[in-house]
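Q: Let's see this in three dimensions:
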Amino acid sequence: MPPIDIHKIALPKGKVMTPKPKKKLPRHKDKEHFIKGPIPLDWATIAARLPGKSCQVGNALWYLAGLSKSTPTIKLTQIALNKFGVTRYCKYRALRHLELAGLITLDSAHGKNPMITILTAPKGE
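A: As a prediction, this is how the structure comes out:
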């Protein structure tokens, strides 16, 4: 076996090997808000197939549920929906789609923020 020439395998002068960073999913930083999971995949895929801003409203509902210690009934405020780019007009259409899909129940009164209960996704979707 011929001797190994160290100069052929050495890095060029001035070059330094840096380790590759570990590939991990991004995480929220301290005091940064996040959507608490797990969110059932069946629920999310049904919401994603609904028209308009239904998926964004669904994400807002799960976000608010996480803030309220995982209780399934929450008050949906426009302030929360603004974070997800949902106007009040889109909100009502999206809530109707989510309700018709069997993902939520809606208890609303004129001039009040609606109370939403997140349901288990229906089977067979």
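
Q: in the helix or strand of the chain with the lowest mean pLDDT, what counts as buried?
A: Using mean pLDDT, DSSP states H and E, helix 6-9 stands out as the lowest-scoring helix or strand of the chain, at a mean of 74. For helix 6-9, the neighbour count (16 or more other C-beta atoms under 10 Å) marks no residue as buried. Bear in mind the C-beta positions are built from the backbone N, C-alpha and C, glycine included.

Q: go on, stretch 69-79?
A: So stretch 69-79, judged by 16+ other C-beta under 10 Å, has buried residues 74, 76.

Q: ok, now stretch 51-62?
A: Neighbour-count burial for stretch 51-62 [16+ other C-beta under 10 Å]: 53-62.

Q: Can you give the contact residues for whatever helix or strand Tyr92 lives in?
A: Per DSSP states H and E: Tyr92 is located in helix 88-100. Residues outside helix 88-100 that contact it (C-beta atoms under 8 Å, 6 or more residues apart in numbering): 47, 50-54, 56-58, 61, 76, 78, 81, 86, 104-106, 108, 114, 116.
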